[in-house]
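Colleague: build me a structure from this.
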Amino acid sequence: MKIFQLLIISVIININLQAQTPYEKGMKQAFELWDQNKLTEASNLFERISTVEKDNWLPPFYAGYTLVLTAFEIKDEAKLKLTLDKAKSLLSQAENLSPDNAEILIAQALHNTAYINFDGQKYGMSMSSKNSSIYQKAIDLAPENPRVILAKAEWDMGSARFFGQSVEPYCKDLQRALELFQNEKKSEVPFYPDWGEKRAKQILEECKG
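Modeller: Numbering: from 1, shown residues only. Predicted structure coming up:
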């Protein structure tokens, strides 16, 4: 059951190329691999960076996130489990460095969705319950975070489609997410997540159609 389309992340990097640190160079290279759809290579590089940047949650977060994205293309259950177990470990590493972080919660929910995408009948009930809790916690922690609103709206819409229900009630959430994106202040932290606005516009257009 495919109830969740992959999120396309667009990270805007504003770094002086003449003054890049090894961390910045490594992260930029990893994002370039990601842009080339070399997700496994990107994940491996993010993970290597995390072994050096031991107090920075972003490298293990991206290492886990990109690994989760690869899981949506896996057809073998044993390989799926190995991939998602490693992704879960990396996301847990990020969470230990940055507890109660809504960005990490979104990635954890996507991790569960990868299982549902693989076999909805086997994993749907247990993982759906977990995701409901995760998204509620994310909303409680960051009610003005547009990525949280967008991710939860996509989840709710996918669930509605699966049960043959209308997605219209969630279109207003997409509109709110878009408004929040347009007013979001860019973080001064390099490589901080800032994806989602294009995705919100795309799905909102589908709502209008």
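
Colleague: distance of residue 100 from residue 140?
Modeller: With distances defined as Cβ to Cβ, to the nearest Å, the gap from residue 100 to residue 140 amounts to 9 Å. C-beta: built from backbone N, CA, C; applies to glycine.

Colleague: whoops, I mixed them up, residue 55
Modeller: Counting by Cβ to Cβ, the gap between residue 55 and residue 140 amounts to 26 Å.

Colleague: between these two, which one's more packed in?
Modeller: In this comparison of residue 55 against residue 140, neighbours counted by other Cβ atoms under 10 Å, the higher total goes to residue 140 at 11 against 6.

Colleague: in this protein, which segments are predicted with low confidence?
Modeller: Low-confidence segments of the chain, defined by pLDDT under 70, are located at 1-19, 208-209.

Colleague: which stretches in it count as helices?
Modeller: Assigned by DSSP state H, the helices in the chain fall at 22-35, 39-52, 58-71, 77-97, 102-118, 120-141, 146-162, 171-183, 197-208.

Colleague: deepest in the core, which of those helices is it.
Modeller: For the helices of the chain, ranked by mean neighbour count under the definition mean count of other Cβ atoms under 10 Å, the leader is helix 58-71 at a mean of 26.

Colleague: select, out of the helices of the chain, the one closest to residue 190.
Modeller: Proximity of those to residue 190 was assessed by Cβ to Cβ; the nearest stretch is helix 22-35, lying at 6.4 Å.

Colleague: other SSEs contacting the closest one?
Modeller: The criterion is 3 or more Cβ pairs under 8 Å, 6 or more residues apart in numbering; DSSP states H and E, and the helices and strands that helix 22-35 contacts are helix 39-52, helix 58-71.

Colleague: residues contacting the residue most central in space within the chain?
Modeller: When Cα atoms, centre = their mean is applied to the chain, the residue found nearest the centroid is residue 107 (4.1 Å). Taking Cβ atoms under 8 Å, 6 or more residues apart in numbering, we find residue 107 in contact with 61, 64-65, 68, 91.

Colleague: same check on residue 111?
Modeller: Contacts for residue 111 were tallied using Cβ under 8 Å, 6+ apart; they are 64, 68, 71, 84, 87-88, 91.

Colleague: list just the nearest of the contacts of residue 107 to residue 158.
Modeller: Nearest to residue 158 among those is residue 68, at 15.9 Å by Cβ to Cβ.
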